[in-house]
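Visitor: Have a look; sequence and predicted model below, questions after that.
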Amino acid sequence: MYRYIGNKTKLLPHITERVRELIGDTGTVADIMAGTGSVSLELRKCGYKVMASDVMTYSYHHLVTNLQIAEYPRFAGLVTCKVISPNSETPYADVLLYLNGLQAKQSFFYREFSPGGKPLNGCPARKYFTSANAAKIDTIREKINEWVERRYITALEESLLKHTLIMAVNEVANISGTYGYFLSDFKKNARDAIVLKPVEIYPKNSDGHIVRLGFAENLAGLITADLCYIDPPYMKRQYAANYHILETLARGDFPEAIGKSGLRDWWDQHSKLCTKTRGLQSFEKIINDIHCNKFLVSYSEDGLFALEQLEECFGKIGTVQVQLIDYNRFRSNDSKLPSKLKEYLISVERKV
Ligand SMILES: C[S@@+](CC[C@H](N)C(=O)[O-])C[C@H]1O[C@@H](n2cnc3c(N)ncnc32)[C@H](O)[C@@H]1O
């Protein structure tokens, strides 16, 4: 499972059951803070049309893969330039074989994120990846960049390859839960060689879903849906800081790696929902601007806002119902926080 703060994979049955109770078996559901895309994919599997978005670029590629692909693409442009054979019966697997087989070269990831490198800002070498894995990541991501620039691959193919690369990187990252910092010693799985593996694709119902990149506050006015699922951050920890490496993989860029931990400048993706001072205003803006009368909101008992504050905020537009679910907390490996807590599933029906 994708280790991502707030990943709802374990809560999917509760979420889809509540969606069904609120709007029945069909309709359009917006998932406006969609993260790994786990909820969006499940909604697609249940037969809903999904409008998914998030402010993070990696999420965009996960969402395109989870919602808009029903069969592995043909990679026709890579046939033309002879990366794979025209007779290939498994083009996606063959592209991965090609990428896995490239000669590793030392570039940005090697320099900034591995013990063999020398960070440009003079900080000590970082240990997010072994030197061999960092060099491999450099080769693969720069090859994908080249294919995008030369238009050898389509936008869907690009998203699938970036999704595949991120899933492989997650397997070998030398971190404790998030990319906020690296571990001082290499843990066992971080020593394994990185390998791109084919990801599973859901084979049905890929038409009509919409994927966008952006702040929910800005996109809300563009969205018309039967139900809007909102799964906001519930802590002060900013996703942009904690997943900076995945963002760099998704964008394919070469940002300045700042400070000891090598974070990219993430201010453009700073979320107001991670702040006590502006979070509730953001919720209000979203629910006022979106063209939708039913909302389902996930939140956690130990979030920034108390249940009463959320009930008051959502109560301004309609009736609120709360379901409490026992849940195991997302914890970094060294966390001392208790593992059990309550997850809220808050339904809101706008008075019309
Ligand atoms: C709790 S996670 C969502 C997890 C997701 N449901 C899953 O299962 O993977 C919250 C998400 O909200 C996104 N986010 C935070 N503030 C946002 C905003 N103002 N607009 C859009 N997305 C935002 C974060 O990037 C993060 O992916």
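Guide: Here it is on my side, so go on.
Visitor: residue contacts, the residue in the chain that the ligand sits nearest to?
Guide: As assessed by C-beta to the nearest ligand atom, the ligand sits closest to Gly6 within the chain, at 2.4 Å. Where you see a C-beta, it was placed from the backbone N, CA and C, and this is true even at glycine. Listed by C-beta atoms under 8 Å, 6 or more residues apart in numbering, the contact set of Gly6 reads 35, 231, 233-234, 298, 300, 330.
Visitor: how about the residues of the chain near the ligand?
Guide: Residues of the chain lying close to the ligand (C-beta under 6 Å from any ligand atom) are 4, 6-8, 33-36, 38-39, 54-56, 59, 215-217, 231-233, 239, 271, 273.
Visitor: Give me the below-cutoff pLDDT ranges for the stretch 1-150 of the chain.
Guide: Counting by pLDDT under 70, the stretch 1-150 of the chain contains no low-confidence residues.
Visitor: Farthest-apart pair in the contacts of Gly6, please.
Guide: Put simply, by C-beta to C-beta the two of those set farthest apart are Gly35 and Ser300, 14.1 Å from each other.
Visitor: Tell me which of these two has more neighbours.
Guide: Neighbour count, other C-beta atoms under 10 Å: between Gly35 and Ser300, Gly35 has more, with 25 against 19.
Visitor: can you confirm the more buried one is in a helix?
Guide: No - assignment of Gly35 by DSSP: H, G, I helix; E, B strand; the rest coil gives coil, placing it outside any helix.
Visitor: Val55 is in contact with that one, correct?
Guide: No - using C-beta atoms under 8 Å as the test, Gly35 is too far from Val55 to be in contact (10.2 Å).
Visitor: hey, what's in contact with both of those two?
Guide: If you check Gly35 and Val55 against C-beta under 8 Å, 6+ apart, the residues they both contact are Tyr239.
Visitor: returning to that earlier point: in JSON lines: the contacts of Gly6, plus secondary structure.
Guide: Converted to JSON lines, these look like this (three-state DSSP):
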{"residue": "Gly35", "secondary structure": "coil"}
{"residue": "Asp231", "secondary structure": "coil"}
{"residue": "Pro233", "secondary structure": "coil"}
{"residue": "Tyr234", "secondary structure": "coil"}
{"residue": "Ser298", "secondary structure": "strand"}
{"residue": "Ser300", "secondary structure": "strand"}
{"residue": "Phe330", "secondary structure": "coil"}
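Visitor: Which parts of the stretch 201-350 of the chain are strands?
Guide: Remark: strands assigned in the stretch 201-350 of the chain by DSSP state E, counting those that start in this stretch are 210-213, 227-230, 294-300, 318-328, 340-350.
Visitor: Pull up the pairing partners for the first one, direction included.
Guide: Right, the one you point to is strand 210-213. Partners of strand 210-213 in the sheet, by DSSP bridges, are strand 49-54 (parallel).
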